[in-house]
Structure formats: structure tokens, C-alpha cells
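Visitor: the amino acid sequence is not available; the structure is as follows:
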């Protein structure tokens, strides 16, 4: 497996589209706060897949996976039923066993929530820290290096 340079977003930001369904909302018709975490998780998975380094292959080939180590969320405005949202994922830092991301969930370009996510690479055998496999580190570093100011 090799990284395809064309898969690196030119501005360093991966974008994932999602629609708000009835099941995503609370009694007031606003997206329930925990669903922003689900949206972000899906977007992270799709970003890795788009880069050509799917999470499933990291598990199979290296016996490692990313787990959320820390998370900070700023809720700015509520998304509503049937809104078309975009989750933008950008890599802020890549360490030996950790990655820090910013994920912005937006509706028509207006941010609804901004998440800062710290991921740790852990080994499946005992969930102890493990180094990020080289190809995944290269892909994530390339996203970080291509990042343009918003």
C-alpha cells in the first residue's frame, strides 16, 4: 500500500457531507449534542479512507487503532432537521503516538460546533500506546503540512 499524493486535500482539509435526520434531533427539533460526536467520528473515518489509509487496514496490518484520548467541543449554534451539514477535518499536530485534529461541523458555511480531538494510537493487545504506523503518519502529516489558513 502506498499513499497517493492526489488524495491529500489541497488545502489540508477533508470535507464530509451529512444530512440531519429526525433520529438525530431532540424534542425541540435541534441536533442532540452527542450526535456531533458521531458526525465527527464518521468524518475522521472517511478522511482516513480518502487518504488511502483506512482505519480497518491499520487494525489488520499493524494491530493498532486510534482511540479518542481527549475531546473539547464548542457548541455555537444548533443544526436542525434536514439541514445539510459539512464536517471539515484538519490535522493540527502529529506526534509519535498521538494526533490532534480540529473538526468543524457547519451548516451553509456557518459553524455549528467545533471539536478539538486528541487521538492516541493504541495496540490491540492490551490497549497500550503504540507508534502511529509510517504510512498513516505520512498521510496525516501531509494533511497538516497542506493546511491553509481558514
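Guide: Nice, I can see it. Computed from a predicted structure; not experimentally measured.

Visitor: could I get the buried residue list for the lengthiest strand in the chain?
Guide: Secondary structure of the chain per DSSP state E: the longest strand is strand 110-123. Buried residues in strand 110-123, counted by 16 or more other C-beta atoms under 10 Å: 112, 113, 114, 115, 117, 118, 119, 120, 121, 122. Where C-beta positions appear, they are placed from N, C-alpha and C, glycine not excepted.

Visitor: what's the farthest-apart pair in the residues you listed?
Guide: Using C-beta to C-beta, the buried residues of strand 110-123 span at most 30.0 Å, a distance reached by 112 and 122.

Visitor: from residue 71, how far out is the residue most central in space within the chain?
Guide: Closest to where the C-alpha atoms of the chain average out (C-alpha atoms, centre = their mean) is residue 44, at 2.6 Å. Distance from residue 44 to residue 71, counting by C-beta to C-beta, to the nearest Å: 12 Å.

Visitor: give the residues shared as contacts by these two.
Guide: Residues touching both residue 44 and residue 71 (C-beta atoms under 8 Å, 6 or more residues apart in numbering): residue 117.

Visitor: excluding chain neighbours, give the residue nearest to residue 78 in space.
Guide: Computed as C-beta to C-beta, 6 or more residues apart in numbering, the closest residue to residue 78 that is not its neighbour in sequence is residue 30, at 3.9 Å.

Visitor: show me the contacts for the one you found.
Guide: 78, 79, 80.

Visitor: quick one, helices of this structure?
Guide: Under the criterion DSSP state H, the chain carries helices at the ranges 35-51, 55-62, 134-146.

Visitor: show me the contacts for the closest residue to residue 33 other than its chain neighbours.
Guide: Among residues not flanking residue 33 along the chain, residue 75 sits closest, at 6.4 Å (C-beta to C-beta, 6+ apart). For residue 75, the contact set (C-beta under 8 Å, 6+ apart) comprises 33, 36, 112, 113.

Visitor: just checking, residue 110 touches residue 78?
Guide: No. Between residue 110 and residue 78 there is no contact under C-beta atoms under 8 Å: 11.3 Å.

Visitor: so which bits of stretch 93-104 are buried?
Guide: Per 16+ other C-beta under 10 Å, stretch 93-104 contains these buried residues: 94, 97, 98, 99, 100, 101, 102, 103, 104.
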